[in-house]
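Chemist: the sequence and its predicted three-dimensional model are supplied below.
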Amino acid sequence: MAPLLEKILSAKEVSPFVLIKDTLEQSGQLLGLELLSASSPDHTIVLICAESAPSRILPLIKGKHRHVVVDCYSNPLGWLEADTPELKKGQDGNELVTVPLRSVRKATKTISHAISSQNSHFTIYFDSLSPFLAVSVPDTFNLIRSITGLLTETSRIIALHHEDVPDAASFQPDGSNPLATNSLAHVATTLITLKNSEAIRQDQEDLRKGVVAAREFSYLTVHGNAWDSAVCEIEHKRKSGKVARETNAYHLGAPTGDLVVVNVWDVVGDMPDIDKLDLEESQTADPAANLSFNLNLTEEQRRAKNDTVLPYLKTQETSGAIYYEPDAADDFDDDDPDDDLTI
Amino acid sequence: MGYLSLESHLPPSHAPLLPPGDYFSITDTQASDGNFLLHHFISNYVKADQNVVLVGLAGILVHYTMVGRKLAINLATARTKGNFYFVDGLTQLTDYAAPNKDHIARPAEPKPLASGPPSRTIPAPPPPIVLCYSPKLADFYRVLEDLIKNTVSKNSKGPTGQERQLCLILDDLSVLLNCGWSCRDVLALVRYLKLLVSQHNGTLITLVHADGVMAEEPSQDGLVKGVLYEADYILDVRGLDSGGSRDVHGQLSMLHGPGYLLRQRSGQVKENEWPALTLHYKILDNNVEVFAKGYSSGVL
């Protein structure tokens, strides 16, 4: 059976909102752009850049789609003179609009306008939701809601979210707000969590050895953001309400090569399951081996043993019941017998 | 030349300078200050007769001049020549340094006595230049923008006629956070400076503290992560995992951030230009030795 990730990539599985959760250690941008490139050629791609320059992302989108770029990158707080928030034709045929990210509400207006002015089907790509969440969490959810309202049958939202970057709610002292990561996971129909394959390999090594190596704190390690592979944990909600969970991985032969979906053990080796390890251990130490007498049964003996009806073993035919007739001398005590215990 | 042994590990495309248009981020910890790396870049750029704008938020000019002297560069001449510019952000960033009118030495009033030579009036010291009076970080950006445009327009061409490169260094971003600006503002400043500098054939270098203990504070955590997401190249300086040593002062890691991954994907960087690896370093009196792990001269 084809891996779930491949089905989502080839759009065999319908998923209107794909959320890619990544960390500093393993960026999900590569996978996100691959998903975006796989969208059908008659779709218009609405690219919302808040973290990387559009000039850096555009060359990575394969295919001959029409592009509409919403640039929230180059003027994040409106310190430079802002253009009018209207779509303009660029030199390369793409339409471009620059929006400051000082207020998500204003950006929402521009983005929804940019989307609703498109006649064809579209795929929306957020290069990261984190800059939006850093401004305001509720407004970002409103943005997502207003966009999902514009979705047609075949349209799709692909969004990246860095789960390790603090959002606006985490700056507030009261911790009563729900984590944006969890709430986003509820809204999305497919959640792909990226993990660094080297980190998983090390975890497995620890598991095998039974000791966890102490690691110094660091934001990023030398194994971070390896180009060749990453592990993807996928949680996909089908329309029927069934949830499919699978762990896949992707592999690249060269930094600019094609992305191939593979099984996770091809990348990190076999997952050592603790139960399986225990089982292996018990299997290797077979107590019945190397005995001077025979403890095993032949098939005929086993059948005979199972068929034997043992004495005192009668099948009960009626269900049991308790009959109790109170005696005149019975002394009912309503007090709680455990009253003296402080339970 | 800065530190010779470090040079071979930096991107070779424009050596000894850094590739223009890119953003180098240095992260360090309390145990090991990353400031020594800045001296390497300053001395390389000044020696190659390129433009350097240094924003001293943690260090004063005297510090950089003294270290420069150790590395055989003269920052004072570079300043008079106009291709080294020092912005004193340590004492003049906000209006806490603004002259309080009551305390300025007033010129002595002429004495009513007409006889005798006129008394010498003490000239008032010039009031310190304050970079931005306003509490907005945007104004600090405008100051830097004007300055960079000025520097570039005056010294855009090198002696051989080719366009000069620019290097903008902010020697401590964490200070801005401690001065009361929000993480979002500081990150925006970095973004604007990065875009500004890349328009002027320049490289942005910043230093930020990335200690584990400070990661619990959302604003510090957000700043470091934001910077690492923005950066094209990441240099991480930290103490040895195993503690201190006489021959190894700490470790220096070249790291791949998410931005590097994208550039690699689009084929903008060669595979071995910036391999992710960890090196050890030792700071000497007028040099820094960088060597592979376990190759300390004290061990071999």
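Modeler: In hand now; what should we look at?

Chemist: hmm, the helix or strand containing B:Thr203 in reach of chain A?
Modeler: Assigned by DSSP states H and E, B:Thr203 falls within strand B:202-209. No - Strand B:202-209 does not reach chain A (Cβ under 8 Å from any Cβ of the partner chain); its nearest approach is 10.1 Å. (Each C-beta comes from the backbone N, C-alpha and C, glycine too.)

Chemist: alpha carbons of that strand, in CSV - could you do that?
Modeler: Output of strand B:202-209 as CSV, limited to C-alpha atoms (Å, rounded to 0.1, in the frame of the first residue of the first chain):
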residue,chain,number,x,y,z
GLY,B,202,26.2,44.4,2.0
THR,B,203,26.2,41.8,4.7
LEU,B,204,24.5,42.0,8.0
ILE,B,205,26.1,40.4,11.1
THR,B,206,24.3,40.3,14.4
LEU,B,207,25.1,38.7,17.7
VAL,B,208,22.4,37.4,20.1
HIS,B,209,22.7,35.6,23.4
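
Chemist: elements contacting that strand?
Modeler: Applying 3 or more Cβ pairs under 8 Å, 6 or more residues apart in numbering or on different chains; DSSP states H and E, we find strand B:202-209 packed against strand B:23-28, helix B:35-47, strand B:166-170, helix B:183-199, helix B:218-230.

Chemist: mean neighbour count and distance to A:Ala169 for these - can I get that in JSON lines?
Modeler: Shown next, in JSON lines, are those (neighbours: other Cβ atoms under 10 Å in any protein chain shown; distance: least, Cβ to Cβ, whole Å):
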{"stretch": "strand B:23-28", "mean neighbour count": "25", "distance to A:Ala169": "26"}
{"stretch": "helix B:35-47", "mean neighbour count": "22", "distance to A:Ala169": "35"}
{"stretch": "strand B:166-170", "mean neighbour count": "25", "distance to A:Ala169": "29"}
{"stretch": "helix B:183-199", "mean neighbour count": "21", "distance to A:Ala169": "14"}
{"stretch": "helix B:218-230", "mean neighbour count": "22", "distance to A:Ala169": "10"}
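
Chemist: how about the helices of the stretch 101-250 of chain A, start to end?
Modeler: Listed in chain order, the helices of the stretch 101-250 of chain A (DSSP state H, counting those that start in this stretch) span A:104-116, A:130-135, A:137-148, A:180-187, A:197-209.

Chemist: chain B is nearest to which of those?
Modeler: Closest to chain B of these, according to Cβ to the nearest Cβ: helix A:130-135, at 6.2 Å.

Chemist: and A:Cys49, what are its bridge partners?
Modeler: A:Asp71 (DSSP bridges).

Chemist: next, count neighbours for it.
Modeler: 23 (other Cβ atoms under 10 Å in any protein chain shown).

Chemist: how near is it to B:Leu18?
Modeler: 25 Å (Cβ to Cβ, to the nearest Å).

Chemist: can you check B:Arg191 too?
Modeler: Taken as Cβ to Cβ, the span from B:Arg191 to B:Leu18 is 19 Å.

Chemist: that older thread, tabulate the helices of the stretch 101-250 of chain A (a markdown table), appending distance to chain B and mean neighbour count.
Modeler: A markdown table is the format used below for these (distance: least, Cβ to the nearest Cβ, whole Å; neighbours: other Cβ atoms under 10 Å in any protein chain shown):
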| stretch | distance to chain B | mean neighbour count |
| --- | --- | --- |
| helix A:104-116 | 12 | 18 |
| helix A:130-135 | 6 | 26 |
| helix A:137-148 | 13 | 18 |
| helix A:180-187 | 13 | 16 |
| helix A:197-209 | 10 | 16 |
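
Chemist: so which of these gets nearest B:Asn272?
Modeler: helix A:197-209 (18.7 Å; Cβ to Cβ).

Chemist: ramachandran angles for B:His280?
Modeler: phi -110, psi 160 (degrees, to the nearest 10).

Chemist: now it, nearest residue through space, not along the chain?
Modeler: The shortest distance from B:His280 to any non-neighbouring residue, by Cβ to Cβ, 6 or more residues apart in numbering or on different chains, is to B:Val248 (4.7 Å).

Chemist: what pLDDT is listed against the one you found?
Modeler: We have a pLDDT of 90 for B:Val248.

Chemist: which of the helices or strands spans it?
Modeler: Counting by DSSP H and E, B:Val248 is part of no helix or strand.

Chemist: look at residue 275 and report its pLDDT.
Modeler: Here I'm looking at chain A. 60.

Chemist: nope, chain B
Modeler: The predicted local confidence for B:Pro275 is 89.

Chemist: any idea how far it lies from chain A?
Modeler: Going from B:Pro275 to chain A by Cβ to the nearest Cβ, to the nearest Å gives 9 Å.

Chemist: hang on, isn't A:Ser120 packed against A:Asp42?
Modeler: Yes - here A:Ser120 reaches A:Asp42: they are 6.2 Å apart, a contact under Cβ atoms under 8 Å.

Chemist: contact residues of the stretch 51-200 of chain A facing chain B?
Modeler: A:51-52, A:56-57, A:59-60, A:73-74, A:76-77, A:79-80, A:128, A:134-135, A:162, A:164-166, A:170-171.

Chemist: would you say B:Asp146 is within a helix?
Modeler: Yes - under DSSP: H, G, I helix; E, B strand; the rest coil, B:Asp146 sits within a helix.

Chemist: count of residues packed around it?
Modeler: Counted with other Cβ under 10 Å, B:Asp146 comes out at 10.

Chemist: likewise A:Leu30?
Modeler: That count, for A:Leu30 with other Cβ under 10 Å as the rule, works out to 25.

Chemist: please apply the same query to A:Cys72.
Modeler: 26.

Chemist: quick one: contacts for it?
Modeler: With contacts defined as Cβ atoms under 8 Å, 6 or more residues apart in numbering or on different chains, A:Cys72 is in contact with A:Ile48, A:Cys49, A:Ala50, A:Thr98, A:Val99, A:Pro100, A:Leu101, A:Ala107, A:Pro131.

Chemist: how close does it get to A:Ser103?
Modeler: A:Cys72 is 11 Å from A:Ser103, by Cβ to Cβ.

Chemist: before we move on, the earlier item: strands paired with the strand holding B:Thr203, and their directions?
Modeler: Partners of strand B:202-209 in its sheet, by DSSP bridges: strand B:23-28 (parallel), strand B:166-170 (parallel).

Chemist: tell me how far the shortest one lies from the chain's centre.
Modeler: Centroid displacement of strand B:166-170 relative to its chain, using Cα atoms, centre = their mean, to the nearest Å, is 6 Å.

Chemist: moving C-terminal of it, what's the next helix or strand?
Modeler: Counting by DSSP H and E, what follows strand B:166-170 is helix B:174-178.

Chemist: name the residues that touch that following helix?
Modeler: So helix B:174-178 is contacted by B:57-58, B:89-90, B:137, B:183, B:185-186, B:189, B:208-209, B:219-220, B:223 (Cβ under 8 Å, 6+ apart).

Chemist: same check, this time on stretch B:64-78
Modeler: B:2, B:39, B:42-43, B:46-47, B:52, B:54, B:56, B:61, B:84, B:86, B:285-286.

Chemist: nearest to B:Leu173 among these?
Modeler: So of the contacts of stretch B:64-78, ranked by how close each gets to B:Leu173 (Cβ to Cβ), first place is B:Gly56, at 12.6 Å.

Chemist: my guess is A:Ser40 meets A:Ala11, correct?
Modeler: Yes - between A:Ser40 and A:Ala11 a contact is recorded at 7.1 Å, counting by Cβ under 8 Å.

Chemist: list the buried residues for stretch B:258-269?
Modeler: B:Pro258, B:Gly259, B:Tyr260, B:Leu261, B:Leu262, B:Arg263, B:Gln264, B:Arg265, B:Gln268, B:Val269 (16 or more other Cβ atoms under 10 Å in any protein chain shown).

Chemist: now swap in stretch B:274-281 and tell me
Modeler: Buried residues in stretch B:274-281 (16+ other Cβ under 10 Å): B:Trp274, B:Ala276, B:Leu279, B:His280, B:Tyr281.

Chemist: cool, thanks, signing off.
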